[in-house]
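>>> give me coordinates for this.
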Amino acid sequence: MQFLFADCVLDTDRRELVRDSAPVAVEPQVFDLLVYLVRNCDRVVSKDDLIGSVWGGRIVSDSTLASRLNAARKAVRDSGHEQKLIRTLQRKGVRFVADVRTNLQDGAPAPAAPPPDAPSPTRPAIAVLPFVNMSGEPGQEYFSDGISEDIITALSKLRWFFVVARNSSFTYKGKPVHMRQIAEELGVGYVVEGSVRRSGDRVRITAQLNDAATGSHLWAERYDRAVADVFAVQDEITDAIVAAIEPELYAAEDFRARRKPPESLDVWGLVMRALSHYWRMTREDNVAAQALVEQAIAIDPNYAQALAIRAMSHSFAIRMGWEDRAISAPAVERAARAAVRADTTDPWAHLAMATAYRHLERFDDALAEFELTLFLNPNFSLALAYYGLVLTYVGRWQEGLQAARRALRLSPRDPLSAIYNGVAAHAEFVGRNYAEAMRLAREASLERPDFVGAHRVLTAAAAMAGETELARASLQELRRAHPNVSLAWIAEHLLLRPGQREDFLHALRRAGLD
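Numbering: from 1, shown residues only. Here you go, the predicted model:
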């Protein structure tokens with residue numbers, strides 16, 4: 001196969017690079033590096049990607065990697081200063097940015113990267129258009145393009161959505177094309193667009209998520225930042241946008257599913273309906289969520305997301321006191337293992353596995369699974385919050401608090417933000433910061449009045465702070481949401497390390513629980 005770009009032809013069959021019709025001498029390893037970059041020109045490749053593919057996973061120093069990249073640039077008449085073809089993105093990796101075609105040796109050129117798979121009927125498709133540079137400075141294009149590329153990369157990690165490759169969505173750069181036309185040409189239901197305006201040491205970034213069929217805005221936000229470290233700002237804005245988009249897409253898909261007759265729902269629609277119930281955090285909704293995922297699993301027994309939500313819903317029911325831990329914990333583990341077997345790279349599957357380990361009190365294994373989950377999707381707010389909970393269990397409450405607060409920063413309007421506030425409140429209670437624990441627990445209970453965990457922490461923290469009336473009122477709400485709660489139930493079912501358990505029981509006893 002031949003790859004054609006700029007004035008070069010890269011022939012993988014002959015292992016030959018030709019530039020301006022003249023062969024160029026290239027070391028074998030540099031040639032392999034070039035081929036890998038060109039084949040993956042639709043994404044940023046990390047250092048680990050390069051080491052795994054070009055060096056077979058062997059340990060390679062940064063200087064060796066840099067020298068090979070420089071040699072590759074020199075071979076295609078590029079440089080580290082210009083980076084016209086091979087671009088290094090600080091703290092991200094490397095990307096081949098030239099337009100590439102392929103030739104299958106029969107004279108018929110084709111796009112270099114295979115055309116995107118047709119969007120699966122069981123998941124929505126989304127395109128991220130290049131953000132518009134409104135600064136009036138062509139030199140700022142790298143920043144606006146970088147935001148768009150990072151959003152594409154981050155959304156691709158979610159696995160719930162089909163994300164159109166950068167090479168396809170960037171063909172609309174600078175063109176006034178109607179959104180409906182983009183949707184038809186790319187086969188997508190949603191489009192993300194935005195703009196970047198930089199003035200002096202400030203930058204304003206706007207982003208919006210659109211329903212491509214109707215042209216309506218589903219979500220929009222503006223971010224104003226000081227540009228002290230341009231790459232740090234790029235990372236921060238990307239994380240914020242992706243974390244905000246994810247729940248909006250779930251909500252939009254749930255709305256679409258609601259408009260279909262129940263008997264016509266496919267696996268994806270059933271999972272979306274299940275999530276909408278799961279988010280409401282009531283006993284009745286949790287049962288409804290479980291029924292819907294069971295329907296989805298009956299249609300496709302290897303659907304990882306459905307299996308993961310089955311595990312998560314039973315886990316939540318255990319923690320809320322709706323299901324018996326001895327009976328449901330094995331079901332959580334079975335569903336989680338099945339989810340991981342079905343899709344080893346799905347973040348929800350590994351979140352379910354981490355949760356199963358938590359119920360088994362295998363906290364080291366749980367933390368490892370949480371870390372893998374967050375490697376697969378760094379913006380997974382629910383995983384961050386539950387990671388914080390287990391960090392608090394093992395005595396690292398400051399880190400647990402930090403994880404929960406990051407979940408809240410990433411997704412402040414998340415339908416599960418009551419959990420994030422609840423985890424932060426629990427960490428503050430363990431740290432004996434009772435006033436802040438009360439504030440956060442009260443916030444969680446206002447968001448979700450049936451959230452048992454918030455009432456538990458608010459009752460305990462108020463008792464320890466000497467807020468007797470508040471402790472009694474909160475205990476009454478706790479008993480309403482969890483009628484069979486008792487000190488014995490707390491001692492048996494809540495996973496607390498020695499010391500934490502005694503402190504929590506003492507606080508609840510002080511509030512009047514027996």
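
>>> all the strands of this structure, residue numbers only.
Under the criterion DSSP state E, the chain carries strands at the ranges 2-5, 8-11, 16-19, 22-24, 86-89, 93-96, 101-103, 109-111, 125-128, 132-133, 162-163, 190-199, 202-211, 217-226.

>>> and of those strands, who's closest to residue 173?
Taking C-beta to C-beta, strand 132-133 is the member of the strands of the chain nearest to residue 173, at 8.9 Å. (Glycine included, C-beta is placed from N, CA and C.)

>>> what packs against the lengthiest helix in the chain?
Under DSSP state H, the helix in the chain containing the largest number of residues is helix 230-258. Taking 3 or more C-beta pairs under 8 Å, 6 or more residues apart in numbering; DSSP states H and E as the contact definition, the neighbouring helices and strands of helix 230-258 are helix 141-156, strand 190-199, strand 202-211, strand 217-226, helix 267-278, helix 397-410.

>>> so which of these is the most packed in?
The highest mean neighbour count among the helices and strands packed on helix 230-258, using mean count of other C-beta atoms under 10 Å, belongs to helix 267-278: a mean of 24.

>>> contacts made by that helix with the rest, please.
121-124, 250-251, 253-254, 256-258, 260, 265, 285-286, 288-290, 292-293, 295-296, 299-300, 303, 305-306, 309, 312-313, 316 (C-beta atoms under 8 Å, 6 or more residues apart in numbering).

>>> which of those residues fall in helices?
250-251, 253-254, 256-258, 285-286, 288-290, 292-293, 295-296, 299, 305-306, 309, 312-313, 316.

>>> so, low pLDDT: which residues of the stretch 401-514 of the chain?
Across the stretch 401-514 of the chain, no stretch falls below the confidence threshold (pLDDT under 70).

>>> for it, what spans make up the helices?
Per DSSP state H, counting those that start in this stretch, the stretch 401-514 of the chain carries helices over the ranges 417-430, 434-447, 452-464, 468-481, 487-493, 500-511.

>>> format those helices as CSV; extra columns: distance to residue 233 and mean neighbour count.
Converted to CSV, those look like this (distance: least, C-beta to C-beta, whole Å; neighbours: other C-beta atoms under 10 Å):
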stretch, distance to residue 233, mean neighbour count
helix 417-430, 24, 28
helix 434-447, 28, 21
helix 452-464, 34, 28
helix 468-481, 41, 18
helix 487-493, 44, 14
helix 500-511, 38, 18
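
>>> TSV for those, including distance to residue 200?
As requested, these are exported to TSV (distance: least, C-beta to C-beta, whole Å):
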stretch	distance to residue 200
helix 417-430	35
helix 434-447	37
helix 452-464	44
helix 468-481	48
helix 487-493	56
helix 500-511	50
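
>>> name the nearest residue to residue 88, sequence neighbours excluded.
Nearest non-adjacent residue to residue 88, counting by C-beta to C-beta, 6 or more residues apart in numbering: residue 94, 5.5 Å away.

>>> show the model's pLDDT score for that neighbour.
Note for residue 94: predicted pLDDT of 89.

>>> so who does it touch?
By C-beta under 8 Å, 6+ apart, residue 94 lies in contact with 37, 44, 45, 50, 69, 86, 87, 88.

>>> pick out the least confidently modelled helix or strand of this structure, by mean pLDDT.
Every helix and strand in the chain was compared by mean pLDDT, DSSP states H and E; the lowest is strand 109-111, with a mean of 41.

>>> before we move on, the earlier item: next, the buried residues of the longest helix of the chain.
230, 233-235, 237-247, 249-254, 257 (16 or more other C-beta atoms under 10 Å).

>>> stretch 75-90 now?
Buried residues in stretch 75-90 (16+ other C-beta under 10 Å): 75, 76, 78, 83, 85, 86, 87, 89.

>>> same check on stretch 338-352?
By 16+ other C-beta under 10 Å, the buried positions in stretch 338-352 come out as 338, 339, 340, 342, 343, 346, 347, 348, 349, 350, 351, 352.

>>> if we take these, which one ends up nearest to residue 393?
residue 351 (16.3 Å).

>>> quick one: the closest one and residue 308 touch, right?
Yes. Using C-beta atoms under 8 Å, residue 351 is in contact with residue 308, at 6.7 Å.

>>> coming back round to it: the longest helix of the chain: how far from the chain's middle?
9 Å (C-alpha atoms, centre = their mean, to the nearest Å).

>>> coming back round to it: now for the buried residues of stretch 338-352: which two are most distant?
Pairwise over the buried residues of stretch 338-352, using C-beta to C-beta, the maximum falls at 338 and 347, 15.9 Å.

>>> what about the residue nearest to residue 372 when sequence neighbours are not counted, distance to residue 340?
Spatial nearest neighbour of residue 372, chain neighbours left out: residue 350 (5.1 Å); criterion: C-beta to C-beta, 6+ apart. Going from residue 350 to residue 340 by C-beta to C-beta, to the nearest Å gives 7 Å.

>>> kindly report the same for residue 425.
For residue 425 relative to residue 340 (C-beta to C-beta), the value is 31 Å.

>>> can I get the buried residues of stretch 338-352 in CSV with distance to residue 134?
Shown next, in CSV, are the buried residues of stretch 338-352 (distance: C-beta to C-beta, whole Å):
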residue, distance to residue 134
338, 49
339, 44
340, 45
342, 44
343, 40
346, 37
347, 34
348, 37
349, 41
350, 40
351, 38
352, 43
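
>>> which of those residues lies closest to residue 372?
Nearest to residue 372 among these, with distances taken as C-beta to C-beta, is residue 350, at 5.1 Å.

>>> got the contact list for that closest one?
Listed by C-beta under 8 Å, 6+ apart, the contact set of residue 350 reads 340, 369, 370, 372, 373, 376.

>>> filter those down to the ones in helices?
When the contacts of residue 350 are checked against helices (DSSP H), the matches are 340, 369, 370, 372, 373, 376.

>>> so for the fifth one, what's the pLDDT?
To tie it back to what came earlier, the one meant is residue 373. Residue 373 is given a pLDDT of 90.

>>> neighbours around it, how many?
Other residues within reach of residue 373, judged by other C-beta atoms under 10 Å, total 26.

>>> and what of the last one?
Burial of residue 376 is recorded as 20 neighbouring residues (other C-beta under 10 Å).

>>> domain map for this protein?
As given by automatic domain parsing, the domain ranges for the chain are 2-111, 125-244, 260-372, 379-514.

>>> measure stretch 256-272 end to end?
The first and final residues of stretch 256-272 sit 9 Å from each other (C-alpha to C-alpha, to the nearest Å).

>>> ignore the last one, stretch 45-65
End-to-end span of stretch 45-65 (C-alpha to C-alpha): 13 Å.

>>> burial count for residue 448?
22.

>>> picking that back up, buried subset of the contacts of helix 267-278?
Neighbour counting by 16+ other C-beta under 10 Å classes 122-124, 250-251, 253-254, 257, 265, 285-286, 288-290, 292-293, 295-296, 300, 303, 305-306, 309, 312-313, 316 among those as buried.

>>> circling back: can I get the helices and strands packed on helix 230-258 in a markdown table including distance to residue 449?
Listed next are the helices and strands packed on helix 230-258 as a markdown table, based on distance: least, C-beta to C-beta, whole Å:
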| stretch | distance to residue 449 |
| --- | --- |
| helix 141-156 | 33 |
| strand 190-199 | 32 |
| strand 202-211 | 29 |
| strand 217-226 | 26 |
| helix 267-278 | 16 |
| helix 397-410 | 19 |
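
>>> any idea which of these scores lowest on pLDDT?
Looking at the helices and strands packed on helix 230-258, the lowest mean pLDDT belongs to helix 141-156 (a mean of 82).

>>> distance between that helix and the chain's centre?
15 Å.

>>> report the contact partners of the closest residue to residue 70 other than its chain neighbours.
Leaving out its chain neighbours, the residue that sits closest to residue 70 by C-beta to C-beta, 6+ apart is residue 80, at 6.2 Å. With contact set as C-beta under 8 Å, 6+ apart, residue 80 has these partners: 69, 70, 73, 88.

>>> what are the phi and psi angles of residue 80?
Here is the backbone geometry of residue 80 (degrees, to the nearest 10): phi -60, psi -30.
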